[in-house]
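Q: Below is the sequence, then the predicted model.
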Amino acid sequence: MMTVAVPKTEKPERTGTAAEPPAPARRVRRVGRPVAVAAILLVWLLLFAVLRGKQTLSLAAADLTDLHRWFNDVNDSIGANRNSNPLFLYFFNEIRLVIDSLVTFVQELISQPTTAARFRRSAGSVSSASPAMSPGPWATGGSRC
């Protein structure tokens, strides 16, 4: 029997200057949505308490500012050009048609009676109840022979 001796080799040394592993990165703390909403409400309430209606424009129900009038003019212009503007004709109207089709489909799905109830109605029964509960021929004045 023959044995072979293999000398152990040394591990190569690292050539980098830092022998220590890098420090873990610090996690950035993110502010959650509820905290952001609470902070906005808190700032709003604080400003309300400090200002108490000073330097604000009070409007009656029917008063309009220049900004309101501009919004109304833009709305009127869009409404007047809706049927001639290609953006509305080929983009927004198509989206509206798809949504309208989906809504109509869901309405028909929910509100239409089942096929069996339609069959009973078309077969001449007075109600969609079971045939045993429908009135007999005597209810229409016919004979019962």
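A: Structure's in. What do you need? Numbers count the residues shown, from 1 in each chain.
Q: helices and strands of this protein: which one has the lowest mean pLDDT?
A: Least confident helix or strand of the chain, by mean pLDDT, DSSP states H and E, is helix 115-122 with a mean of 61.
Q: What number of neighbouring residues does residue 82 come out with?
A: Residue 82: 13 surrounding residues under other CB atoms under 10 Å. Yep, even glycine has a C-beta here, placed from its N, CA and C like the rest.
Q: Verify the contact between it and residue 88 for me.
A: Yes: between residue 82 and residue 88 there is a contact under CB atoms under 8 Å: 4.9 Å.
Q: tell me the pLDDT at residue 145?
A: Confidence at residue 145, expressed as pLDDT, is 50.
Q: and residue 35, what element?
A: Taking DSSP states H and E as the definition, one finds residue 35 inside helix 33-51.
Q: what packs against that helix?
A: Using 3 or more CB pairs under 8 Å, 6 or more residues apart in numbering; DSSP states H and E, no helix or strand is in contact with helix 33-51.
Q: State the mean pLDDT of it.
A: Here the average pLDDT along helix 33-51 is 92.
Q: what does it contact?
A: residue 31 (CB atoms under 8 Å, 6 or more residues apart in numbering).
Q: which element follows it toward the C-terminus?
A: Note on helix 33-51: by DSSP H and E, the next helix or strand toward the C-terminus is helix 66-80.
Q: Quick check: next helix or strand after that following helix?
A: Moving toward the C-terminus from helix 66-80, the next helix or strand (DSSP H and E) is helix 86-87.
Q: on that earlier part again, how about exporting the helix holding residue 35 as CSV, limited to the C-alpha atoms?
A: The C-alpha coordinates for helix 33-51 follow below in CSV (Å, rounded to 0.1, in the frame of the first residue of the first chain):
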residue,chain,number,x,y,z
ARG,A,33,-48.1,58.4,6.3
PRO,A,34,-50.1,58.6,9.6
VAL,A,35,-47.3,60.7,11.2
ALA,A,36,-47.2,63.0,8.1
VAL,A,37,-50.9,63.5,8.2
ALA,A,38,-50.9,64.2,11.9
ALA,A,39,-48.0,66.7,11.5
ILE,A,40,-49.9,68.6,8.8
LEU,A,41,-53.0,68.7,10.9
LEU,A,42,-51.0,69.9,13.9
VAL,A,43,-49.4,72.7,11.8
TRP,A,44,-52.8,73.7,10.4
LEU,A,45,-54.3,73.9,13.9
LEU,A,46,-51.4,75.9,15.2
LEU,A,47,-51.6,78.4,12.4
PHE,A,48,-55.4,78.7,12.9
ALA,A,49,-54.8,79.4,16.6
VAL,A,50,-52.2,82.0,15.9
LEU,A,51,-53.9,83.8,13.0
